[in-house]
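[1] I would like the atomic coordinates for the input below:
(chains A and B)
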Amino acid sequence: MNPSVTRRTALGALVLVALPWPVLAQEDALAAAIREQVGDAAVEEGGIALRVPTVAENGGQVPVTVVVDSPQTAAEHVTAIHLFATRNPTPGVASFRLTPLLARAEVQTRIRLAEDQRIVAVAQFSDGRVRRAAAEIRVTTGGCLS
Amino acid sequence: MSGTLSTPRVRVPRSARPGEVVEIRTLIEHPMETGLRQEGGRTVPRDMLTRMVVRVNGEVALQAELRNGSAANPFHVFFLRIERASELEFSFTDERGRTARSTARIALA
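    Predicted coordinates:
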């Protein structure tokens, strides 16, 4: 057997294994952070409007609006909205606990983002449903060290 | 840093009709420490806001757990339905256990 071929094959295998690792690690951290908040509930897509700027000039103050489709009555309301960042040092951003005293399942906040990334909003409903939405944001100046 | 936090600034309408939906805005200034800054070769311990609680007539209406990704001087907007004259109380807590509080009143129009 030609040793250089095996070396190349081995290197190729290494690269294949190494490349997706950081991405997988982030997805794991995100999934773990979501599980920590909502438990084992099945997470569906949609029903949430996540309004963010396409480009954030200042990563230290990124405006985020989450609007969840809900009548917000005592019988049917959103109990929590969680925000997660996929490429920050830690994925947790904030959790808002809502009550029917709020007229709308809507919260506006400001968050910090280290770099270009996808942010995820997860909403928990009073009937146990869980929904999520995601949005991409480009960040001009990172907001983690300032 | 001193032991007190600045009073949170809130923007609340003075009055509302029964059943009216009003917009509430809050802003608090907080001397955030990320826990990454170095001063004289030592790391300054992390100090961030951790909690915001909004009460309407003593009942919790909105509670926020603020984590690492929240902005330094966070600005929040949300909507309340006003059925009767309401006393609003806003309180913020940071990691050192310091709290800041402010109150507002909405009369019935």
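[2] right, quick check: stretch A:86-93 against chain B, any contact?
    Yes. Using CB under 8 Å from any CB of the partner chain, stretch A:86-93 reaches chain B at A:88-93. All C-beta atoms are positioned from the backbone trio N, CA, C, and that covers glycine.
[3] Now do the strands in chain B.
    B:9-11, B:15-16, B:20-27, B:38-39, B:42-43, B:49-56, B:59-66, B:75-82, B:86-94, B:99-108 (DSSP state E).
[4] again, but for chain A
    A:43-45, A:48-51, A:55-58, A:62-68, A:78-85, A:92-98, A:106-111, A:117-125, A:130-141.
[5] residues touching the closest residue to B:Arg96 other than its chain neighbours, list them.
    Closest residue to B:Arg96 apart from its sequence neighbours, by CB to CB, 6 or more residues apart in numbering or on different chains: B:Asp47 at 5.6 Å. Contacts for B:Asp47 (CB atoms under 8 Å, 6 or more residues apart in numbering or on different chains) come out as B:1, B:31-33, B:35, B:94-96.
[6] And stretch B:38-50, what's buried?
    Across stretch B:38-50, burial judged by 16 or more other CB atoms under 10 Å in any protein chain shown covers B:47-50.
[7] Likewise for stretch B:54-71?
    For stretch B:54-71, by 16+ other CB under 10 Å, it's B:54-56, B:61-71.
[8] Would you tell me which of the strands of chain A gets closest to A:Leu30?
    Of all the strands of chain A, strand A:78-85 sits nearest to A:Leu30, with 5.9 Å by CB to CB.
[9] residues making contact with the longest helix that chain A contains?
    Longest helix in chain A by number of residues (criterion: DSSP state H): helix A:21-38. Helix A:21-38 has contacts (CB under 8 Å, 6+ apart) with A:43, A:80, A:82, A:84, A:86-87, A:90-92, A:95, A:120, A:122, A:124, A:130, A:132.
[10] Mind doing that once more with 7 Å?
    Helix A:21-38 has contacts (CB atoms under 7 Å, 6 or more residues apart in numbering or on different chains) with A:82, A:84, A:86-87, A:91-92, A:95, A:120, A:122, A:124, A:130.
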